[in-house]
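1. Provide a 3D model corresponding to the input given below.
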Amino acid sequence: QVQLVESGGGMVQAGDSLRLSCAASGRTVSAKALGWFRQAPGKEREFVAVVSWDGRIDYGASVKGRFTVSRSSAKNTLYLQMNSLQPDDTAVYYCAADSSMGFPAPSWGQGTQVTVSS
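-> Predicted coordinates for the structure are as follows:
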């Protein structure tokens, strides 16, 4: 089992930037994919970004070009640099770990709130 702890959320204004972090511990060797999801009130959880153990990266359509995902060299910390934030980016952001980029059975962090005001 992989334990995940997110940090870095907060309240910002439209156009601002924010950087989220996710510290992974436990059986991190099994975490072939680390990623970010988000869930806004009344909406389903949405894929944001993923990075695989071998460096493959993918983004959700709504964040491509504005968000950048990266993984520490030790591969146990995941980051999400969010630029040009908009009110629609307001959500709880969750870190996820799984054996593949499709996230068939992910471990989840507790989430961190990001609120963007206009």
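2. if I pick A31, what's in contact with it?
-> 2, 24, 53, 75, 97-99, 107 (CB atoms under 8 Å, 6 or more residues apart in numbering). Backbone N, C-alpha and C define where each C-beta goes, glycine included.
3. what of D54?
-> By CB under 8 Å, 6+ apart, D54 has no neighbours at all.
4. pLDDT score for the most centrally placed residue in the chain?
-> Nearest to the geometric centre of the chain sits W36, at 2.3 Å (CA atoms, centre = their mean). On pLDDT, W36 comes in at 98.
5. in the helix or strand containing it, what's buried?
-> Applying DSSP states H and E as the criterion places W36 in strand 33-39. For strand 33-39, the neighbour count (16 or more other CB atoms under 10 Å) marks 33-38 as buried.
6. list the pairing partners of that strand within its sheet, with orientation.
-> Here strand 33-39 is paired, per DSSP bridges, with strand 46-52 (antiparallel), strand 91-98 (antiparallel).
7. so which of those gets nearest Q13?
-> strand 91-98 (16.2 Å; CB to CB).
8. ok, of the contacts of A31, which one's closest to V12?
-> For these, the nearest to V12 is A24 (25.2 Å; CB to CB).
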